[in-house]
Structures are given as structure tokens and as C-alpha cells.
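Trainee: Pasting the sequence and the predicted model now:
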Protein chains: 2
Amino acid sequence: MVANTVDVLNDRCPSRQVIALIADKWSILVLYALSREGTLRYGQLQRTVRGISQKMLTQTLRELERNGLVSRMVYEVVPPQVEYELTDLGKSLRRVLSELCGWAQGNLEQVARARELYDLEKGNPT
Amino acid sequence: MVANTVDVLNDRCPSRQVIALIADKWSILVLYALSREGTLRYGQLQRTVRGISQKMLTQTLRELERNGLVSRMVYEVVPPQVEYELTDLGKSLRRVLSELCGWAQGNLEQVARARELYDLEKGNPT
DNA sequence: CTGTATCCGACCCGATACTG
DNA sequence: CAGTATCGGGTCGGATACAG
């Protein structure tokens, strides 16, 4: 059989779209927040993911919901209440998420030092 | 002691910059390619990461080099030869990289199905 | 409270042409 | 071969105003 190889390095492979979905700053932070905190309301999410604008939060949540990573539950009350949480599919990403964010937190100093060194050498050498 | 908490969800934490560096489609694919293939020349990289433009490849490599994830070795020959590979810091990302890309490859169908369903329900319901 | 709609500047990114 | 320089359309993303 002619197995059409699944590979993110192949630009015709659908997995590329999945990478594009996850390989996004706001997506990762929103997923990570839901991964850590469990169920969160819209306002809680905005306060948890510091610095995200209303527009980007809504846009990111819609895209994650559309791709099956996040579920959205609307409670018909007043004032409106909407809860977001990871779907089972989204939960299967937890491991990756915590490792990725953990790496970022654990290596921020190494990265900062490398950047300073690079900028010092290649920056304007007056 | 007043430990200034390291947290990617805090927009004032430097780890945010690290997330922004990695949480990028091309960065992840270039890092993954180097992670899988080891040392690669510029042209090899461009053929490996299918669909990346010259501009984005160069730009991505510079940024990764600047932040200490990738090393660049120039051989003074003609025609020019430049080799890229992961630094030790970059290699410590391999685990995350392979898990992330593996997830994308392993769940592309689930994601595709979720998206089709969503678009069917919320799309234009003629 | 949880959104949607619009404006608009900034930046991304591919295409193309050119260089050592 | 391995880039750099430039152009220009497209998209991102914040700010603001408004709605159910």
C-alpha cells in the first residue's frame, strides 16, 4: 500500500494545520491556563492569562473550540455565565503543555544570557 | 522572602518571551527538523521543512541562534557552506518537540473531525 | 458578564531581484 | 550556496464602542 506519510515537515500533511493551531502564543497560554486551573469562566480566563485582550481571548477560544480542544458551556442565566474547559482531546495535551511551559520557565535565564551575548557581539559595535 | 513568581501566565515574567519564541509555527518546525536530522546545511533545512520561504527560514534561524537554541557554523570555502545544529540548550527541548509534533501527527483526524462538525453546525446553515 | 463590530496602524510573510 | 534588500498585500491585534 502507498501509505501517505504523516509528517509535520511535509507541508501537504494535515498535521501542519494542527501545528499551526497549537504553535501560537495565545493558544498555548489559554490551553495551559485551562490545563492548570480546570474549568474557568470567560472573565477568569482573561484575568488568568495576563495581558490577553478581549478580542484575542474570544478569537483563540473559538478556534480551540472549533478544533475540539476546548468545550464551551453556556448557562442561561442573568448575568450570562459561560464556562470553558479542556475536552478529552485537549486534556491529552496537558503533558506537552506543562513540559513546554515548564521548559520556558526553567530556562529563561539561559535564553536571556544567550540573547544578551548575541546582541553584544552582533549589535552595533561602536 | 518575596520570590518573584516565575509563571508564563504572568505577562511581566520573562518566560513569556521564551514562550513567544517557541510558540511559533516555523520555529517549532525548524527545531524539530534539526532535532530529528541532527546537523543540517541551509539548503537541506529548506528542503526538509517543506514550504518555508527563504526569508522565513533565515529569520527563524537568526532568532533561534540569538536565543541560544541553535548554533551556526560557517566554513570558509567556496561555494559557502553553513551548518546548523541544536545547541545543548536546544537539545534539551527535543523531548517536548517530539511529543508536540507526535501529538499533532497522532491526533490530526480527531481535530479534523471536530472542525468539520463545528463548521457544519455553526457554518452557514442554508 | 460575555461577548460582537469596526477602525486602523503595525507587523508578518511571500515574491522577486540582487550579492559575495 | 547562502544569504540580503525591498516591495506590497494580507493578517494580526489593540482600542473603542456597543449589545443581549
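Mentor: Yes, it's here.

Trainee: so what's the residue nearest in space to the middle of chain A up against?
Mentor: Nearest to the mean C-alpha position of chain A, by C-alpha atoms, centre = their mean, lies A:Ile28 at 1.1 Å. By C-beta atoms under 8 Å, 6 or more residues apart in numbering or on different chains, the residues touching A:Ile28 are A:22, A:97, A:100-101, B:19, B:23. Just so you know, the C-beta spots here come from the backbone N, C-alpha and C atoms, and that holds for glycine as well.

Trainee: Could you say which helix or strand holds it?
Mentor: If you go by DSSP states H and E, A:Ile28 is part of helix A:25-37.

Trainee: Can that helix be said to contact DNA strand C?
Mentor: No. Judged by C-beta under 7 Å from any atom of the strand, helix A:25-37 and DNA strand C are separated, with a smallest distance of 11.0 Å.

Trainee: Quick check: what element follows that helix along the chain?
Mentor: strand A:40-41.

Trainee: and that following strand, what does it pack onto?
Mentor: Helices and strands touching strand A:40-41, by 3 or more C-beta pairs under 8 Å, 6 or more residues apart in numbering or on different chains; DSSP states H and E, are strand A:81-86.

Trainee: packing partners for the biggest helix by length in chain A?
Mentor: Longest helix of chain A, by residue count under DSSP state H: helix A:108-122. Using 3+ C-beta pairs under 8 Å, 6+ apart, the elements in contact with helix A:108-122 are helix B:15-22, helix B:54-66, helix B:88-91.

Trainee: re earlier: with distance to B:Val6, pLDDT and neighbour count as new columns, can the contacts of A:Ile28 be given to me in TSV?
Mentor: As requested, those are exported to TSV (distance: C-beta to C-beta, whole Å; pLDDT from 0 to 100; neighbours: other C-beta atoms under 10 Å in any protein chain shown):
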residue	distance to B:Val6	pLDDT	neighbour count
A:Ile22	22	96	25
A:Leu97	16	97	24
A:Leu100	14	97	27
A:Cys101	10	97	26
B:Ile19	12	97	24
B:Ala23	17	96	22
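
Trainee: which of these are close to DNA strand D?
Mentor: Answer for the contacts of A:Ile28 near DNA strand D: none qualify (C-beta under 7 Å from any atom of the strand).

Trainee: Switch the helices and strands packed on helix A:108-122 over to TSV; also include distance to DNA strand C.
Mentor: TSV is the format used below for the helices and strands packed on helix A:108-122 (distance: least, C-beta to the nearest atom of the strand, whole Å):
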stretch	distance to DNA strand C
helix B:15-22	9
helix B:54-66	4
helix B:88-91	20
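
Trainee: In three-state terms, label the closest residue to A:Gly51 other than its chain neighbours for me.
Mentor: Leaving out its chain neighbours, the residue that sits closest to A:Gly51 by C-beta to C-beta, 6 or more residues apart in numbering or on different chains is B:Asp11, at 3.3 Å. Taking DSSP: H, G, I helix; E, B strand; the rest coil as the rule, one finds B:Asp11 in the coil state.

Trainee: B:Gln105: which of the helices and strands packed on helix A:108-122 is closest?
Mentor: helix B:15-22 (18.4 Å; C-beta to C-beta).

Trainee: Give me the angle between that closest one and helix A:25-37.
Mentor: Going by axes from the mean of the first three to the mean of the last three C-alpha atoms, to 10 degrees, helix B:15-22 is angled at 120 degrees with respect to helix A:25-37.

Trainee: Many thanks, we can stop here.
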